[in-house]
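[1] Coordinates for the following, if possible.
(chains A and B)
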Amino acid sequence: MTLLRVGALVMKLGDFTLGPLTFEVEDNDYVVLFGPNGSGKTTLLKTILGFYKPVSGRIFFKGIDITGLPIEKRNIGYVPQSIVLFENMTVRQNIEFGLKFKKLSKEERKNRVERVSEILSIGNLLDKKPRELSYGQKQLVSIARAIAPEPSLLLLDEPLSNLDPNARLSIMKALRALKRFNTSIIHVTHIIENVLYPDSKLLFMYRGKILERGKTSEVYSNPTTLELATYLSNWNIYEVYEKKGSLICPKGRVCFAVDREKIKVNDKTTHIAVKPVDVVLDKKIDGWSCYEGLVEDIQVTSYGYLYSIRLFDILIMAFSSKKKGLKERVRLCIDPSKVVFLKKGLSVER
Amino acid sequence: MRSLNSLPFFAFLVVFSLLILLFFAYPLVLLLVLGGSGFVTSLENRSFMLSIEVTLIISTITSVFAVLFGVPLGYVMARYDFKFKSLLETLIDIPIVIPHIVVGLMVLLAFSSQYGVGPFLHRFGITVLDTIFGAILAVSYLSSTYTIKVVESSIAMVDPEVELVSRSLGASRFATFFRVTIPSIKRSILNGALLTWARATSEAGALFIIAYYVFFYKKTVYPSPIFIYESYITFGILQAVKFAAALVIIVIAIFILFRAIFRVRGQIY
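    Residues are numbered from 1 along each chain as shown, chains lettered A, B, ... in the order given. Predicted coordinates for the structure are as follows:
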């Protein structure tokens, strides 16, 4: 069932315009709002929360129009980007705060606090004051406080940012544990690695618009807009200069073999892109685009090496676990089926 | 490690800081040395004790008044941007700029029986000349700014997100204000009130005009700064210094006691 329906929503904030945006969140959905800083993710979140009033469009929550409803009447949980606990209260009082506005007995409130703190593994922190907690623990309490009233929808604004790796893992574990609350989640992030589930819905936002939407794993592997491919750093992106049969050529003396059918379908293509992992080194494969190039730069990563290889007038990034030297000549090949076709997202209204 | 090259700079800081601190401490120490011996006899003086009582009543009510009206105004100034905000900021600062004697005249004029709202108040027997009410009005005009300013700057330091979170949890604007915002700036409110109280206790200029003496329990009583002035012109400096030292000791003791109580009780964190 549809839990949240955002219809033709427009919000203006100074010179920035958000929208028009239309999307839906289903019951028990986990939706990722992904995009660069300044793309309007937080503005959208705060508009759903009721902090910003839209210029036009409507927001329906559980089938009711909540566009003009005050924040406190929406029953939507919110975990802000900056950790803001109620400093004058203990952790227990922080978590219990929202329950005091529900018609719950003292016993029910106590049980609820204990249940939430058990699920998020913060039972040992209940009698502490926020100033006694680490940054990661504060974030856990912030999440516990938001989930305690059991809202049907929880808005998470960059809950994994500014955390050290261990704290990040424990927050990720806590966020996964939220499934037990049957709450739909909208998770704002500007880092794709922070997405909890590869099958979740992803909305890619750019300059106030949703440019791409779909399953996270699919959108990530096959971006269709120049903006998303550019934002997913390290992709090899080239402007299309010429099309010759099943060859697509950027400026320079390099052409890439692509599927002929794909060219027909993607007639608005302005750019092509190839992931560095799809550039294969040291193999000669028939039907693939193969060239010899010169290693110009090497970046060491946790899983291997990222090479910048000069092919005539262009540079191509290739990922490999094999060690190569600077100025070494290497053979590289690209599978035609791995070449992605891109168009400019902002010129195409969705 | 500080390098030796910094030595002249630190010498400059230390010398100039010590000179100003000495300037603050020297007259105070002298006052306490010369007047401190008369502390007990001052406390036995009934008129002086009444004047202290009147002054404490005026300054305490002024502090309550400053918190009651200053906290909402401080919140408005910290949280909202609007047209003519700078005009409002100037209006809040004006009481610090205007000579205190002039404030006394202004308050007298504004609430006298002939102008503005004065005739209306007179109909209900409310007068400002030589009354504690008049003294409170004049002193509030001069000292509320301290509470407003302290509250404003401390609210500005509270992340607005904390209020947004509170509202998302079901708290209304009022509940958020009283249960989240106010508790988080409790310390600043107390400090602001204390500053206002201290400032109000020491006020003399405006009181010269509006409440040189007040009627208190069917007696005419001077507010303590004026009591000291009266002692000075009637009996000379040595007599005035005894009362002055007693006043200073009492005010500082209350100031320290107030801070200690609220620290111990965990109000200031």
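[2] can you list the residues of chain A near chain B?
    Listed as neighbours of chain B in chain A under the rule C-beta under 8 Å from any C-beta of the partner chain: A:46, A:49, A:51, A:70-72, A:74-78, A:80-82, A:84, A:86-88, A:97-98, A:101-102, A:142, A:145-146, A:149. Just so you know, the C-beta spots here come from the backbone N, C-alpha and C atoms, and that holds for glycine as well.
[3] buried stuff in stretch B:42-55?
    Applying a neighbour-count criterion of 16 or more other C-beta atoms under 10 Å in any protein chain shown, one finds B:Ser42, B:Asn45, B:Phe48, B:Met49, B:Leu50, B:Ser51, B:Ile52, B:Val54, B:Thr55 buried in stretch B:42-55.
[4] do stretch B:113-121 as well
    Neighbour count says stretch B:113-121 has B:Gly118, B:Leu121 buried, by 16+ other C-beta under 10 Å.
[5] coming back round to it: max pairwise distance over the buried residues of stretch B:42-55: which two?
    Greatest spacing in the buried residues of stretch B:42-55, by C-beta to C-beta: B:Ser42 and B:Val54 (15.6 Å).
[6] quick one on the thing from earlier: apply the buried test to the residues of chain A next to chain B and list what passes.
    Members of these classed as buried by 16+ other C-beta under 10 Å are A:46, A:49, A:51, A:71-72, A:74-78, A:80-81, A:84, A:86, A:88, A:97-98, A:101, A:142, A:145-146, A:149.
[7] Cross those against strands and list the overlap.
    Secondary structure from DSSP state E places A:Ile76, A:Gly77, A:Tyr78 of those in strands.
[8] pretty sure the first one contacts B:Arg167?
    Put plainly, it is A:Ile76. No. In this structure, A:Ile76 is not within contact of B:Arg167 by C-beta atoms under 8 Å, at 10.4 Å.
[9] Do a quick rundown of the helices in the stretch 251-350 of chain A.
    With DSSP state H, counting those that start in this stretch as the criterion, the stretch 251-350 of chain A has helices at A:260-265.
[10] The stretch 101-250 of chain A now?
    A:106-119, A:135-147, A:165-177, A:216-221, A:226-231.
[11] most tightly surrounded among those?
    Ranked by mean neighbour count, the helices of the stretch 101-250 of chain A are led by helix A:135-147 with a mean of 23 (mean count of other C-beta atoms under 10 Å in any protein chain shown).
[12] Identify the residue nearest A:Glu239 in space, chain neighbours excluded?
    A:His271 (5.4 Å; C-beta to C-beta, 6 or more residues apart in numbering or on different chains).
[13] Same question for B:Gly36.
    B:Ala245 (5.2 Å).
[14] pretty sure that neighbour is touching B:Leu32, no?
    Yes. If you go by C-beta under 8 Å, B:Ala245 and B:Leu32 touch, sitting 5.4 Å apart.
[15] Neighbour count: these two, which is higher?
    B:Ala245 (23 against 17; other C-beta atoms under 10 Å in any protein chain shown).
[16] now that one: how far from chain A?
    For B:Ala245, the distance to chain A equals 40 Å [C-beta to the nearest C-beta, to the nearest Å].
[17] Provide the contact partners of stretch B:247-264 at residue level.
    Stretch B:247-264 is contacted from outside by B:28, B:31-32, B:36, B:39, B:52, B:56, B:190, B:194, B:198, B:201-202, B:224-225, B:228, B:268, using C-beta atoms under 8 Å, 6 or more residues apart in numbering or on different chains.
[18] make it 7 Å
    B:Leu31, B:Phe39, B:Ile52, B:Leu190, B:Leu194, B:Ala198, B:Thr201, B:Ser224, B:Ile228, B:Ile268 (C-beta atoms under 7 Å, 6 or more residues apart in numbering or on different chains).
[19] Quick check, the residue nearest to B:Gly36 in contact with B:Val40.
    No. Using C-beta atoms under 7 Å, B:Ala245 makes no contact with B:Val40, being 11.3 Å away.
[20] residue contacts, B:Ile132?
    Applying C-beta under 7 Å, 6+ apart, the residues contacting B:Ile132 are B:Val54, B:Ile57, B:Ile58, B:Val214, B:Phe216.
[21] measure A:Val274 to A:Gly293 for me?
    14 Å (C-beta to C-beta, to the nearest Å).
[22] residues in contact with the residue nearest to B:Gly36?
    With C-beta under 7 Å, 6+ apart, B:Ala245 has these contacts: B:Leu31, B:Leu32, B:Gly35, B:Gly36, B:Gly38, B:Phe39.
[23] and whichever residue of the stretch 1-150 of chain B sits closest to chain A, what helix or strand is that in?
    Here the residue of the stretch 1-150 of chain B nearest chain A is B:Asp81; by C-beta to the nearest C-beta that distance is 12.0 Å. Taking DSSP states H and E as the definition, B:Asp81 sits outside all helices and strands.
[24] okay, it: pLDDT?
    Note for B:Asp81: predicted pLDDT of 92.
[25] per the record, what domains does chain A have?
    In terms of domains, chain A is parsed into A:2-221, A:229-347 (source: automatic domain parsing).
[26] Deepest-packed of those, please.
    Greatest average neighbour count among those goes to domain A:2-221 (a mean of 18), per mean count of other C-beta under 10 Å.
[27] list the contacts for the residue most central in space within chain B?
    Centroid check for chain B by C-alpha atoms, centre = their mean gives B:Thr196 as the closest residue, at 2.2 Å. Contacts for B:Thr196 were tallied using C-beta under 7 Å, 6+ apart; they are B:Thr62, B:Ser63, B:Ala66, B:Ser143, B:Ser144, B:Tyr146, B:Thr147.
[28] In helices, which of the residues you listed appear?
    B:Thr62, B:Ser63, B:Ala66, B:Ser143, B:Ser144, B:Tyr146, B:Thr147 (DSSP state H).
[29] list the contacts for A:Gln299?
    Counted by C-beta under 7 Å, 6+ apart, A:Gln299 has contacts A:Tyr305, A:Leu306.
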